[in-house]
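**Student:** 3D, please:
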Amino acid sequence: MDIVVSRIGWPTDGAPNATSSTAQTFLRGLIDHLHSKSGTPLRPQNPPLETYIFSLLDEDQRNITTGNFERHWGLFTFDGQAKYYVNFVQGSKDLVNAQNVEYLPSKWCVANNNKDLSNATERASEACTLADCTALSGSCFNISWPGNISYAFNSYYQQHDQRADSCDFGGLGLITTVDPSIDNCRFPVQLHTSHSTSLNGAYLFCWKELLIVNIFVFLFSFS
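**Tutor:** Residues are numbered from 1 along each chain as shown. This next block holds a predicted model:
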């Protein structure tokens, strides 16, 4: 009986135990186990012929019915930056970040502290239904109010390509050039989508293809 691991990984956000350090520990343990070729207790010396790591990139549109962590399985962030370092192939280097990634201007949408924010929570909830606020259950769990409001506003703002009207929220939003990120809570900036669909898109495609080739080399090294 051939053993195939169809999907295995560890999420890095969206839940208390979903962190980059835990994911790194898990994946390194998996790779060490595969290299050992020890197999399973019932099938010693019979390691999986194929192992598929889940997944390459985060998916901010993925269904989160089973948990907010579902959008954070990637080895890389949405913009191709390695979340942690792990060696897939013996003698190879660690994961490499995507290069020359172009972003929209360094602008963020935050809650305007000069306004009455009594209705801000309701506005933030509305924003999260159309944006990705799953980090508020993980890496951004400890940011205080109204920092969580600002995260929701910014997520919506970035997802709508930094349009000025997407940071209105009934006058409660404010566009700033000061990065509001706190500790491990990253307030992202959206990719420059018009460019990423041309030159940068081609680059990211080649980068992903090279990574997939390297992973396949890693997988076949056990057969």
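
**Student:** Report the contact partners of residue 158.
**Tutor:** 104, 108, 109, 131, 188, 189, 190 (CB atoms under 8 Å, 6 or more residues apart in numbering). Heads up, the C-betas are built off the backbone N, CA and C, glycines and all.

**Student:** Not counting its neighbours along the chain, what's nearest the second one?
**Tutor:** This means residue 108. Closest residue to residue 108 apart from its sequence neighbours, by CB to CB, 6 or more residues apart in numbering: residue 154 at 5.0 Å.

**Student:** Would you agree the one you found is in contact with residue 109?
**Tutor:** Yes. With contact taken as CB atoms under 8 Å, residue 154 and residue 109 are classed as touching, separated by 4.7 Å.

**Student:** re the thing from before, need the phi and psi values for the residue nearest to residue 108.
**Tutor:** For residue 154, the backbone dihedrals are phi -70, psi -40 (criterion: degrees, to the nearest 10).

**Student:** list the contacts for it?
**Tutor:** 108, 109, 110, 180, 187, 188.

**Student:** Pull up the gap between it and residue 74, please.
**Tutor:** With the distance defined as CB to CB, to the nearest Å, residue 154 ends up 20 Å from residue 74.

**Student:** Could you do residue 162 as well?
**Tutor:** 23 Å.

**Student:** before we move on, the earlier item: and the pLDDT at the residue nearest to residue 108?
**Tutor:** What the model reports for residue 154 is a pLDDT of 98.

**Student:** Residue 210 now?
**Tutor:** So, for residue 210, pLDDT stands at 50.

**Student:** just to revisit the earlier point, considering the contacts of residue 154, which possesses the most neighbours?
**Tutor:** residue 109 (28 neighbours; other CB atoms under 10 Å).

**Student:** Which of the three states applies to that one?
**Tutor:** Secondary structure, DSSP: H, G, I helix; E, B strand; the rest coil: residue 109 is strand.

**Student:** Can you give me the distance of it to residue 173?
**Tutor:** Counting by CB to CB, the gap from residue 109 to residue 173 is 5 Å.
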